[in-house]
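Visitor: Quick check, what structure comes out for this input:
(chains A and B)
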Amino acid sequence: DTGVSQDPRHKITKRGQNVTFRCDPISEHNRLYWYRQTLGQGPEFLTYFQNEAQLEKSRLLSDRFSAERPKGSFSTLEIQRTEQGDSAMYLCASSLGASIDGYTFGSGTRLTVV
Amino acid sequence: TQLLEQSPQFLSIQEGENLTVYCNSSSVFSSLQWYRQEPGEGPVLLVTVVTGGEVKKLKRLTFQFGDARKDSSLHITAAQPGDTGLYLCAGAWSGGSNYKLTFGKGTLLTVNP
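Guide: Numbering: from 1, shown residues only, chains lettered A, B, ... in the order given. This next block holds a predicted model:
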C-alpha cells in the first residue's frame, strides 16, 4: 500500500471557478478526514466520513464546500465559486478504528485562487 | 473554543545542540500526537501518547505527556540538519470526539550545519 494519495498536488484557479480534489485512503481504513491548513497555522478539521457516511462537518465548511465518499473508498472535496480566502493546503487523512491512533495524512493539495 | 499552544514558534539552532519544544492546553486531552511536516507535504506521525506521565523515545527524540494530560514536550538530543521541519502537536479532547484532531500552530525548527 502506498499510503494516502491526493490528486492533484497543486491547483491554481481563477476566483469564481469550481475545483474538485480527490483522496484515495489506505485501502483497509474505514475512516476518512479532510483538513485545511493555511500558512503559519496547523491543520483545521473540515469533515469526517465513516465508510460512506459523512458524520461530522465543521462550521468552516461553508455551503460552497461539499465532500463525498460514494462507495466508502475514495473521497472528493469540491469547492464552488472559489474565493481568494480558499487558498490553502487541503489535507486528507485516513484511519482504522475508533481513535486518533493510526492517522495517516496524504501529501495534500495546494490550492491557489488568483 | 479549546486551544492548543505551542512554543517556541520558531527555533534556529546549530547541529549537535539539544532542544525542547512545548505543547500546552487548559483542557485535558484523551490522547495527543506529535507530527513532523516538511514544506509542501502532509504531516507525518511521530508518536501518540495516551497515559498521563508517559514517556516515549524515538531514537534521539523523547516525548513526554504531562501527568494531568494537559501538556506535552518534545526533546531532541544532538539535533541534525535532517531534523529541520515544522513540529506539530495535535490532540483529541477528553469528552469530545475521539477521532477529531485539534492542532497547534507548530514550532518551525531549523538546524544549521
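Visitor: and for stretch B:56-74, what are the contacting residues?
Guide: B:20-30, B:32, B:34, B:46-47, B:49-55, B:75-80, B:83, B:87, B:89, B:94 (C-beta atoms under 8 Å, 6 or more residues apart in numbering or on different chains). (C-beta placed from N, C-alpha, C; glycine too.)
Visitor: Let me fix that, I meant to ask about stretch A:46-53.
Guide: A:30-36, A:54-58, A:60-61, A:65, A:67, A:69-72, A:75, A:77, B:99-100.
Visitor: again, only this time at 10 Å
Guide: Stretch A:46-53 has contacts (C-beta atoms under 10 Å, 6 or more residues apart in numbering or on different chains) with A:23, A:25, A:30-36, A:54-61, A:65-73, A:75, A:77, A:90-95, A:98, B:97, B:99-100.
Visitor: hang on, the earlier thing: keep only those of the contacts of stretch B:56-74 that are also close to chain A.
Guide: B:29, B:30, B:32, B:50, B:89 (C-beta under 10 Å from any C-beta of the partner chain).
Visitor: residue ranges of the strands in the chain, please?
Guide: As the question left the chain open, I've gone with chain A. Listed in chain order, the strands of chain A (DSSP state E) span A:5-7, A:10-13, A:19-24, A:31-37, A:44-50, A:53-57, A:65-68, A:75-79, A:88-95, A:104-105, A:109-113.
Visitor: oops, chain B please
Guide: Per DSSP E, chain B carries strands over the ranges B:5-7, B:10-14, B:19-24, B:29-37, B:44-49, B:55-58, B:61-65, B:71-76, B:85-93, B:102-103, B:107-112.
Visitor: Any stretches of chain A with poor pLDDT?
Guide: Along chain A, the parts satisfying pLDDT under 70 run over A:1, A:98-99.
Visitor: residue of it with the smallest distance to chain B?
Guide: Proximity of chain A to chain B (C-beta to the nearest C-beta) peaks at residue A:42, 3.0 Å away.
Visitor: any idea how far the residue nearest to residue A:70 when sequence neighbours are not counted is from residue A:112?
Guide: Computed as C-beta to C-beta, 6 or more residues apart in numbering or on different chains, the closest residue to residue A:70 that is not its neighbour in sequence is residue A:52, at 6.4 Å. From residue A:52 across to residue A:112, the span is 31 Å (C-beta to C-beta, to the nearest Å).
Visitor: Residue B:7 too?
Guide: 30 Å.
Visitor: And residue B:108, by the same measure?
Guide: Distance from residue B:108 to residue A:112, by C-beta to C-beta: 21 Å.
Visitor: could the ones next to chain A among the contacts of stretch B:56-74 go into CSV alongside neighbour count?
Guide: Listed next are these as CSV, based on neighbours: other C-beta atoms under 10 Å in any protein chain shown:
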residue, neighbour count
B:29, 29
B:30, 16
B:32, 28
B:50, 16
B:89, 32
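Visitor: Between the residues you listed, which sits nearest residue B:38?
Guide: Closest approach to residue B:38 among these (C-beta to C-beta): residue B:89, at 16.7 Å.
Visitor: in chain A, which residue is closest to the centre?
Guide: In chain A, the centroid-proximal residue (C-alpha atoms, centre = their mean) is residue A:34; its distance is 3.4 Å.
Visitor: Is it bridged to anything, and to what?
Guide: Following DSSP bridges, residue A:34 is listed with bridge partners residue A:47, residue A:92.
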